[in-house]
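In: just the structure for this:
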Amino acid sequence: MARHALAGVTTHTHTARIVAIGAIVAAVLAVVAWRIIPSGGLDDKQIAVTLLTDDVGDGVTKGTEVRRGGVVVGKVDSVTRTDSGQAIKVHLDDPSLTGLTDALSIDYSPANLFGITQIGLHAQEGGAPLRSGTTVDLTGEHGDRVHDATVSTMLLSLGRLSGDVLTPDLADLVKKVAQDAKAFSPLMKALVTTVETVADTQKMPYSPILRDFGSALSGFPSTLDGGLILLRMVHDHPYLEIPEKQARFDATVAVLAKNVIPGLANLLETLQPDYAGLAALPVPLLNAVATAVPAPQTTEAQLAKLLTRISGTFGGSPAEPVLRLALTLNPTAGGGR
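Out: A predicted model of the protein is given here:
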């Protein structure tokens, strides 16, 4: 077998081929590794941007993801303190893919349910397109473009809110509301009992009742308007513009509220066992009124017309009204005059 030799070295042909092939493979692997394994720099589609802020959200460190619309567009390279604030250096994808300018705003927010912090980028109007080496100033008057929504910040805010809201005054207010609700419970119980009683004793179909109820409600708007006008007239009456008379009016209302109405309620409660049967007496009267007034709107117009005619029969002044009366005398059948 032939031998190939160098000075002082003796090799076989087979061995030389293996060595050559190994050198070629090693060279190819070195080239591939150089192209694939990052050397710590940026590729052609990335840019380096510095975010200058007053504060850095909790959990923002090297390797923190930077997202735009929920999509990862870069990562944090470093976080350092400078004289102007906190400098967050990030590398981003080509800005043409994100549509961001140096007028952007950021937020620190949880990236997942575990509370891992991320930096979110949000495009704003105006500004110049981002370029490699751009510094986005988010300090001072631009600080409102930074929003901290990390888990730790939200917990701190919740603690402050609890301290500010859950005060003794609020506890007293809740206690008063509970007491007022307890005071209304008898009324609610009475209403429920009334509804149950009506449901148990109801014999007439609901459709006629609802129709009659709707007919009765047709005059409610005009009644409400009249009530509001009456209240306005009372409120604006010259009598109440005099302090002494207003005080007298207030005293009268107080007496009615504190003495007369409670006394009337006690009286009715006392008479209730003996005169409970009287409650059924107004029913025939109300039925007669309902029959006499089948159409409230039409009856209202007729009544207004009647009152107008009656008013027209009087003349003179309000102090001395004069009845306008015309008599027609017809002779009797016997020829008398």
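In: CA atoms for contacts and neighbours, from now on please.
Out: Noted.
In: quick one: the helices in the stretch 201-337 of the chain?
Out: 206-217, 220-235, 243-255, 261-275, 282-292, 296-312 (DSSP state H, counting those that start in this stretch).
In: mind putting those helices into TSV with mean neighbour count and mean pLDDT?
Out: Converted to TSV, the helices of the stretch 201-337 of the chain look like this (neighbours: other C-alpha atoms under 10 Å; pLDDT from 0 to 100):
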stretch	mean neighbour count	mean pLDDT
helix 206-217	12	70
helix 220-235	12	77
helix 243-255	12	84
helix 261-275	11	76
helix 282-292	11	72
helix 296-312	12	71
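In: quick one, what contacts residue 133?
Out: By C-alpha atoms under 8 Å, 6 or more residues apart in numbering, the contact list for residue 133 reads 47, 48, 49, 50.
In: what's the closest of the helices of the stretch 201-337 of the chain to residue 122?
Out: Closest to residue 122 of those is helix 220-235 (C-alpha to C-alpha; 53.7 Å).
In: close enough to count as contact, residue 45 and residue 73?
Out: No: contact between residue 45 and residue 73 fails when scored by C-alpha atoms under 8 Å: they sit 11.1 Å apart.
In: out of the two, which sits in the more crowded spot?
Out: The neighbour count for residue 45 versus residue 73, taken as other C-alpha atoms under 10 Å, is higher for residue 73 (20 against 11).
In: so the more buried one sits in a strand?
Out: Yes: residue state for residue 73 (DSSP: H, G, I helix; E, B strand; the rest coil) corresponds to a strand.
In: show me what contacts it?
Out: Counting by C-alpha under 8 Å, 6+ apart, residue 73 makes contact with 65, 66, 67, 92, 93, 98.
In: with residue 118 instead?
Out: Listed by C-alpha under 8 Å, 6+ apart, the contact set of residue 118 reads 60, 64, 65, 66, 67, 108, 109, 110, 111.
In: give me the buried subset of the residues you listed.
Out: If you count burial by 16 or more other C-alpha atoms under 10 Å, the buried members of these come out as 60, 64, 65, 66, 67, 108, 109, 110, 111.
In: from those, pick the one nearest residue 117.
Out: Lowest distance from residue 117 to the buried ones among the contacts of residue 118 (C-alpha to C-alpha) belongs to residue 110, with 4.6 Å.
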